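Engineer: my questions are about this predicted structure, shown below with the sequence.
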Amino acid sequence: MAAPPAPAVKKSQGAPPVAVIFALYIALGTAASFLAGGDPGTLPEDIVRALCPSIVVISIFLTSYSVFDVMAAGVAKQVDHGYMAKDYKDFPLRLPEQAFLAERAQINQVEQMPSFIFATLSFSLLVDGWLGALLALAWTVLRRLYARAYRHSVGVPFNKKGLTTYTIPCYFILNTMLMGSAIHALRWATS
């Protein structure tokens with residue numbers, strides 16, 4: 001008796017191939033370098049003035065992280081579950097969902113910080129200070145909305161939380177700044 005035919009496998013509607021995404025980041029970074037950047041190899045006449053708008057945005061993000069993410073994770077553990085008064089040996093194996101989500105939102109922000117800070121400062125210094133600050137501000141607003149959505153999604157299945165609404169644009173902003181900085185530096189190195 002012959003085996004029944006294998007069922008048809010439906011292709012996922014997931015993300016495009018990594019090579020396509022990487023090529024898109026390079027294209028966006030190249031456009032930013034050529035369209036917004038000054039002459040490669042030249043720094044702004046006033047470096048402090050060029051970086052100040054971005055430093056303001058980074059400072060706002062880091063302060064909001066401290067207030068909304070770090071404190072929210074601590075409060076979620078303390079208020080509803082009394083974790084601050086427990087010994088480690090008394091912690092359950094799994095955090096309650098509210099505490100878990102607040103902690104994950106905080107950890108995800110930390111994961112993004114090094115790239116965000118480097119991308120913002122390098123883009124603002126090498127390509128354009130005001131555009132770097134505007135991109136960083138857009139990233140900051142989206143990351144605040146992301147963290148809020150994550151923390152307030154108790155009881156919602158992960159695929160219904162809507163987090164990609166915020167994360168995908170953030171990746172595009174961040175990687176445009178990173179590749180814009182890299183392309184601008186390469187243009188200088190090869191000129």
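Structural biologist: Arrived safely. The structure presented is a predicted model; accordingly, all values stated were derived computationally and were not measured.

Engineer: how about the nearest residue to C52, chain neighbours excluded?
Structural biologist: Nearest non-adjacent residue to C52, counting by CB to CB, 6 or more residues apart in numbering: G129, 7.8 Å away. (Glycine included, C-beta is placed from N, CA and C.)

Engineer: who are the neighbours in contact with that neighbour?
Structural biologist: By CB atoms under 8 Å, 6 or more residues apart in numbering, G129 lies in contact with P44, R49, A50, L51, C52, P53, S54.

Engineer: please enumerate the helices of the chain.
Structural biologist: For the chain, the helices defined by DSSP state H cover 18-36, 47-64, 71-78, 97-126, 129-151, 164-189.

Engineer: least confident of those, on average?
Structural biologist: Lowest mean pLDDT of the helices of the chain: helix 71-78, a mean of 78.

Engineer: who's in contact with R143?
Structural biologist: Contacts for R143 (CB under 8 Å, 6+ apart) come out as F61, Q109, Q112, F116, Y166, C170.

Engineer: quick one: the second one from G129, how far?
Structural biologist: What it means is Q109. From Q109 across to G129, the span is 24 Å (CB to CB, to the nearest Å).

Engineer: same question, the fourth one
Structural biologist: In this view, F116 and G129 are 16 Å apart by CB to CB.

Engineer: what do you get for the first one?
Structural biologist: Distance, F61 to G129, using CB to CB: 17 Å.

Engineer: now the buried members of the contacts of R143.
Structural biologist: For the contacts of R143, a burial check counting by 16 or more other CB atoms under 10 Å picks out F61, Q109, Q112, F116, Y166, C170.

Engineer: out of those residues, the closest to A182 would be?
Structural biologist: Nearest to A182 among the buried ones among the contacts of R143 is F116, at 15.8 Å by CB to CB.

Engineer: so that closest one makes contact with W139?
Structural biologist: Yes. Look at F116 against W139 with CB atoms under 8 Å: they come within range, at 6.4 Å.

Engineer: okay, and the common contacts of the two?
Structural biologist: In contact with both F116 and W139: L174, using CB under 8 Å, 6+ apart.

Engineer: if you rank the contacts of G129 by neighbours, which is first?
Structural biologist: Highest neighbour count within the contacts of G129, by other CB atoms under 10 Å: S54, with 27 neighbours.

Engineer: can you tell me how far A105 is from H152?
Structural biologist: A105 sits 10 Å away from H152, going by CB to CB.

Engineer: turn the buried ones among the contacts of R143 into CSV, columns for distance to L35.
Structural biologist: Supplementary listing: the buried ones among the contacts of R143 in CSV, determined by distance: CB to CB, whole Å:
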residue, distance to L35
F61, 25
Q109, 30
Q112, 26
F116, 22
Y166, 26
C170, 21
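
Engineer: of all those residues, which comes closest to R148?
Structural biologist: Of the buried ones among the contacts of R143, the one sitting nearest to R148 (CB to CB) turns out to be Y166, at 9.3 Å.

Engineer: alpha carbons of stretch 64-83, as PDB, please.
Structural biologist: The C-alpha trace of stretch 64-83 is given here as PDB (Å, rounded to 0.1, in the frame of the first residue of the first chain):
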ATOM      1  CA  SER A  64      12.400  57.700  30.000                       C
ATOM      2  CA  TYR A  65      14.000  54.200  30.100                       C
ATOM      3  CA  SER A  66      14.900  54.700  33.700                       C
ATOM      4  CA  VAL A  67      11.400  56.100  34.600                       C
ATOM      5  CA  PHE A  68       9.200  53.900  32.500                       C
ATOM      6  CA  ASP A  69      11.100  50.600  32.000                       C
ATOM      7  CA  VAL A  70      13.300  50.100  35.000                       C
ATOM      8  CA  MET A  71      10.800  51.400  37.500                       C
ATOM      9  CA  ALA A  72       7.900  49.600  35.800                       C
ATOM     10  CA  ALA A  73       9.700  46.300  36.100                       C
ATOM     11  CA  GLY A  74      10.400  46.800  39.800                       C
ATOM     12  CA  VAL A  75       6.900  48.000  40.500                       C
ATOM     13  CA  ALA A  76       5.400  45.000  38.700                       C
ATOM     14  CA  LYS A  77       7.400  42.700  40.900                       C
ATOM     15  CA  GLN A  78       6.700  44.500  44.100                       C
ATOM     16  CA  VAL A  79       3.100  45.800  44.000                       C
ATOM     17  CA  ASP A  80       1.200  42.800  43.000                       C
ATOM     18  CA  HIS A  81       3.500  40.000  44.100                       C
ATOM     19  CA  GLY A  82       5.700  41.200  46.900                       C
ATOM     20  CA  TYR A  83       9.000  40.100  45.300                       C
END
